[in-house]
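**Q** I'll drop the sequence and a predicted model, then ask my questions.
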Amino acid sequence: MHETIPLTRVSRRKGTPGVKLFISKAAARLRKKIAGLLQIALSYAIVYWVCRGTACLKLDRHAIQGLTPPFIVLSNHTSNFDPFFVQFAIRQYPCYFLTSNYYFRLPIIGTLLRFFGAIPKIQFSPDIRSTRGTLEAIARGDVVGIFPEGRRSIDGSCCNIADSITKLIKKTKVPVISVNIRGAYFVWPRWSSSWRRGHVEIVAKQLFSPVDIESMETGQMQNIICQALAYNEYDWNRQAGIVYAHKKAAEQLHLILHQCPRCLGAQKMRSKENRLYCTTCGNTALIDNNGFLQPLDEYCRVFDDPVQWTVWQRSIMFSLLYSQGFELYGAVKELRVADKFYGPFRTCGSGHISLRTDGLRFWGQIDHQDTELFFPISMIPTISTEFGYDFEICDAKNAWWIFLEEEQQTVRLECAISLLYQLKHGENTKYYPCC
């Protein structure tokens, strides 16, 4: 005997999944709308807070008036405030930024990034998720923000721009705009733990239309991107003459300027308040109110700005690369590991690292077993670091977070690895090769 099921019950059962799906999609759209509005409001608040209102902020966006999504935003990257400056420049359209995968591992910051729709990208390593996330956002009709340098500027000048950006643009075929920011490096330098208020200039313009993207070769597009985003903050402020005074203006500058121009001692520079000084010979530089370096007296030898100092350090390192038996060594006080894409780091060991012309080696204890790791130069354009004691590097499966005994060895490793990679691939070894 068959059970008779009322028609009302059949209708209710069949309709429930559809209703749930509709409610779920509506909730997702509402959540996205709220997140976008919050992001825009937060950006406005932070920009006005940092710049003390429009008196210290100059914005030129007339060249992108009337442009509507979807489109891609490319910007230079000089400070932690850059995403807010970019969002401020494009006004009412929420921007979904490609963001370092490391930040997604942090409990609070990672949650916020996911809420605001940021797209994860492993620094200096292929990551198909970033390409997929960008294409999906563009397909939804959104705006995607990319910092083509892949990291914040080390010394106030442009870092290398990989041609992978141009290849990605070719796939999207949507308008591309550039947002060029001036002064943000002085507001919050890469090496400093503190920020200061000051003048910022933002210029937005359209780089490519869909027609341009279709007709141009990738090499031509790459040159246009590099020229549009090229910068040197110190050259700019020589003309602008903006004051960025701070009582601790030089503190932690020794994390990137480690070598003394007078006695040539490596890893000898230290910093305190507005002074950068050598612990061996006493050579001292003072940072003035415009952010430039001045010698303490007639006997001190210093460069005018960190860009020139860094170029000189790289020239010294470049010479060392050709010396017989080149090697940079470091003691690793702690080693942490995580899945290359997901999850938190865990402490797994300690040991030593050695950089030679063929690559970076680690040997020591990992999970209580003698282990050796090798990262070939051909696979590491540089390392991901905040220029303290630690840096992150990835292999095919894992992300490794390495903590050194010596903090200034990190900047030396970064310099040597980037030079070796450029030599390996036949690239220009200038400090800012895209300019």
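**A** Right, received. Where do you want to start?

**Q** average pLDDT for stretch 357-373?
**A** Here stretch 357-373 scores 97 as its mean pLDDT.

**Q** and the helix or strand that contains residue 41, what does it pack onto?
**A** Per DSSP states H and E, residue 41 falls inside helix 7-51. Applying 3 or more CB pairs under 8 Å, 6 or more residues apart in numbering; DSSP states H and E, one finds that helix 7-51 contacts strand 57-60, helix 82-90, strand 200-208. Using the backbone N, CA and C atoms, a C-beta is placed for each residue, glycine as well.

**Q** Residues contacting the second one, please?
**A** Right, the one you point to is helix 82-90. Helix 82-90 has contacts (CB atoms under 8 Å, 6 or more residues apart in numbering) with 39-40, 42-44, 46-47, 50, 59, 61, 64, 73, 75-76, 94-95, 97, 143, 145, 147, 152, 177, 179, 181, 184, 200, 202, 204.

**Q** Apply 7 Å and report the result again.
**A** Residues outside helix 82-90 that contact it (CB atoms under 7 Å, 6 or more residues apart in numbering): 39-40, 43-44, 46-47, 59, 61, 73, 75, 95, 97, 143, 145, 147, 179, 181, 184, 200, 202, 204.

**Q** what does stretch 291-307 give?
**A** 155-157, 186, 232, 234, 237, 244, 256-257, 261-262, 283-288, 309, 312.

**Q** same thing but 6 Å
**A** By CB atoms under 6 Å, 6 or more residues apart in numbering, the surrounding residues in contact with stretch 291-307 are 155-157, 186, 232, 234, 244, 257, 261-262, 283-286, 288, 309.

**Q** shouldn't residue 313 be in contact with residue 258?
**A** No - using CB atoms under 6 Å, residue 313 is not in contact with residue 258; the gap is 7.2 Å.

**Q** Please name the residues that touch the nearest residue to residue 150 once chain neighbours are set aside.
**A** Taking CB to CB, 6 or more residues apart in numbering, and ignoring the residues beside it in sequence, residue 150 has residue 123 as its nearest neighbour in space, at 5.8 Å. For residue 123, the contacting residues are 100, 150, 384, by CB under 6 Å, 6+ apart.

**Q** what residues are up against residue 79?
**A** Residue 79 makes contact with 184-185, 187-188 under the criterion CB under 6 Å, 6+ apart.

**Q** Which of the helices or strands spans the spatially closest residue to residue 146 that is not a sequence neighbour?
**A** Distance criterion CB to CB, 6+ apart; nearest residue to residue 146, sequence neighbours excluded, is residue 98 at 5.1 Å. Taking DSSP H and E as the definition, one finds residue 98 inside strand 95-100.

**Q** same question, residue 403
**A** Using DSSP H and E, residue 403 maps to strand 398-404.

**Q** so how far is that strand off the chain centroid?
**A** Distance of strand 398-404 from the chain centroid (CA atoms, centre = their mean, to the nearest Å) equals 18 Å.

**Q** Next: stretch 353-367.
**A** Worked out by CA atoms, centre = their mean, stretch 353-367 lies 25 Å from the chain centre.

**Q** Any idea how far apart the tips of that stretch sit?
**A** 17 Å (CA to CA, to the nearest Å).

**Q** what residues does it touch?
**A** If you take CB under 6 Å, 6+ apart as the criterion, stretch 353-367 is touched by 327-330, 332, 348-352, 372-377, 413, 416.

**Q** Which members of the residues you listed occur in strands, if any?
**A** Applying DSSP state E to the contacts of stretch 353-367, the entries found in strands are 328-330, 332, 348-352, 372-376.

**Q** ok so, going back, please give the element, helix or strand, for the residue nearest to residue 150.
**A** Using DSSP H and E, no helix or strand contains residue 123.

**Q** let's have the chain start at 53 instead
**A** Happy to do that; since the first residue is 53 now, the last one works out to residue 175.

**Q** Please report how far it lies from residue 199.
**A** 11 Å (CB to CB, to the nearest Å).

**Q** cool, and residue 129?
**A** Applying CB to CB to residue 129 and residue 199 gives a distance of 4 Å.

**Q** Of these two, which one has the most company?
**A** Neighbour count, other CB atoms under 10 Å: between residue 129 and residue 199, residue 199 has more, with 26 against 23.

**Q** list the contacts for the more buried one?
**A** Contact analysis of residue 199 by CB under 6 Å, 6+ apart lists 127, 129.

**Q** Quick one: the helices in this protein, in order.
**A** 59-103, 134-142, 153-156, 159-167, 180-191, 216-224, 236-239, 262-267, 270-281, 285-292, 358-373, 461-476 (DSSP state H).

**Q** related to what we said a few turns ago, now, which of the contacts of stretch 343-359 lie within strands?
**A** Counted as lying in strands by DSSP E, out of the contacts of stretch 343-359, are 336-338.

**Q** Confidence-wise, which helix or strand of this protein is lowest on average?
**A** helix 59-103 (a mean of 79; mean pLDDT, DSSP states H and E).

**Q** Run the angle between it and strand 252-260 for me.
**A** 130 degrees (axes from the mean of the first three to the mean of the last three CA atoms, to 10 degrees).

**Q** Helix 59-103 to helix 159-167, inter-axis angle?
**A** Going by the same axes, to 10 degrees, helix 59-103 is angled at 110 degrees with respect to helix 159-167.

**Q** Please name the bridge partners of residue 345.
**A** Counting by DSSP bridges, residue 345 forms beta bridges with residue 339.

**Q** That one: neighbour count?
**A** 22.

**Q** Could you measure from it over to residue 181?
**A** Distance from residue 345 to residue 181, by CB to CB: 41 Å.

**Q** got it, and residue 100?
**A** With CB to CB as the criterion, residue 100 and residue 181 are 34 Å apart.

**Q** thinking residue 231 is in contact with residue 256, fair?
**A** Yes - Residue 231 is within contact range of residue 256, at 4.9 Å (criterion: CB under 6 Å).

**Q** more crowded one of those two?
**A** residue 231 (27 against 24).

**Q** Contacts only, for the residue nearest to that one when sequence neighbours are not counted.
**A** Leaving out its chain neighbours, the residue that sits closest to residue 231 by CB to CB, 6+ apart is residue 127, at 4.2 Å. By CB under 6 Å, 6+ apart, residue 127 lies in contact with 138, 199, 231.

**Q** got a pLDDT number for the first one?
**A** The reference is to residue 138. Looking at residue 138, its pLDDT reads 97.

**Q** what number of residues lie near it?
**A** For residue 138, the tally of surrounding residues (other CB under 10 Å) stands at 26.

**Q** and if you look at residue 464?
**A** Neighbour tally, residue 464, other CB under 10 Å: 21.

**Q** got it, and residue 419?
**A** The burial count for residue 419: 11, using other CB under 10 Å.

**Q** Could you do residue 440 as well?
**A** 16.

**Q** One more: residue 281?
**A** Here the number of neighbours of residue 281 (other CB under 10 Å) works out to 25.
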